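Chemist: Quick one: sequence and predicted model below, then my questions.
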Amino acid sequence: MVYGHFGDCHAHLNMLPKNQNEYDQANKLYQEICSEAVHRQGTVSAEHGIGKMKRDYLLLMYGKPVIRQMAALKRIFDPHLILNIGNLFEERYLQ
């Protein structure tokens, strides 16, 4: 299913798998779409953010060095790591 802000070419893609096989296929297709978006200097998300389900795509978009810098900045503003743990970064980047 595709919907969204067509006037500015900002489409939302929502796959609705019926079983595990379709879920696996949807994940593979979504990975390919995100890889192509990054390759074309686009983004993998916009106003809805990243969240736990898309954090690997953030890594795809920016790479480990930038993710480490982002995680270090989070540590400055959230030194006790109590806000939104796991939403943007795997815990390994916060240690």
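Modeler: Received it, and whenever you're ready, just let me know what you need.
Chemist: How about the residue most central in space within the chain, nearest residue that isn't a chain neighbour?
Modeler: Centroid-nearest residue in the chain, with CA atoms, centre = their mean: residue 54, separated by 2.7 Å. Spatial nearest neighbour of residue 54, excluding adjacent residues (CB to CB, 6 or more residues apart in numbering): residue 45 at 5.6 Å. Just so you know, the C-beta spots here come from the backbone N, C-alpha and C atoms, and that holds for glycine as well.
Chemist: And for residue 3?
Modeler: Closest residue in space to residue 3, ignoring its immediate chain neighbours: residue 12 at 5.3 Å, by CB to CB, 6+ apart.
Chemist: Is it correct that the one you found falls within a strand?
Modeler: Yes - Residue 12 sits within a strand when classified using DSSP: H, G, I helix; E, B strand; the rest coil.
Chemist: coming back round to it: mind checking what helix or strand follows the host helix or strand of the residue nearest to the centre of the chain in sequence?
Modeler: Applying DSSP states H and E as the criterion places residue 54 in helix 51-62. Of the helices and strands lying after helix 51-62 in sequence (DSSP H and E), the nearest is helix 64-77.
Chemist: tell me what that following helix is packed against?
Modeler: helix 51-62 (3 or more CB pairs under 8 Å, 6 or more residues apart in numbering; DSSP states H and E).
Chemist: Sort out which residues of the helix it packs on are buried, please.
Modeler: Neighbour-count burial for helix 51-62, counted by 16 or more other CB atoms under 10 Å, picks out 54-55, 57-61.
Chemist: can you check stretch 35-42 too?
Modeler: Result for stretch 35-42 [16+ other CB under 10 Å]: buried residues residue 37.
Chemist: Figure out how far that stretch is from the centre of its chain.
Modeler: Distance of stretch 35-42 from the chain centroid (CA atoms, centre = their mean, to the nearest Å) equals 13 Å.
Chemist: can you list contacts of that stretch?
Modeler: For stretch 35-42, the external contacting residues (CB atoms under 8 Å, 6 or more residues apart in numbering) are 43-44, 60-61.
Chemist: low pLDDT regions in the protein?
Modeler: The chain contains residues with pLDDT under 70 at 6.
Chemist: by how many degrees do the helix holding residue 54 and helix 64-77 diverge?
Modeler: 130 degrees (axes from the mean of the first three to the mean of the last three CA atoms, to 10 degrees).
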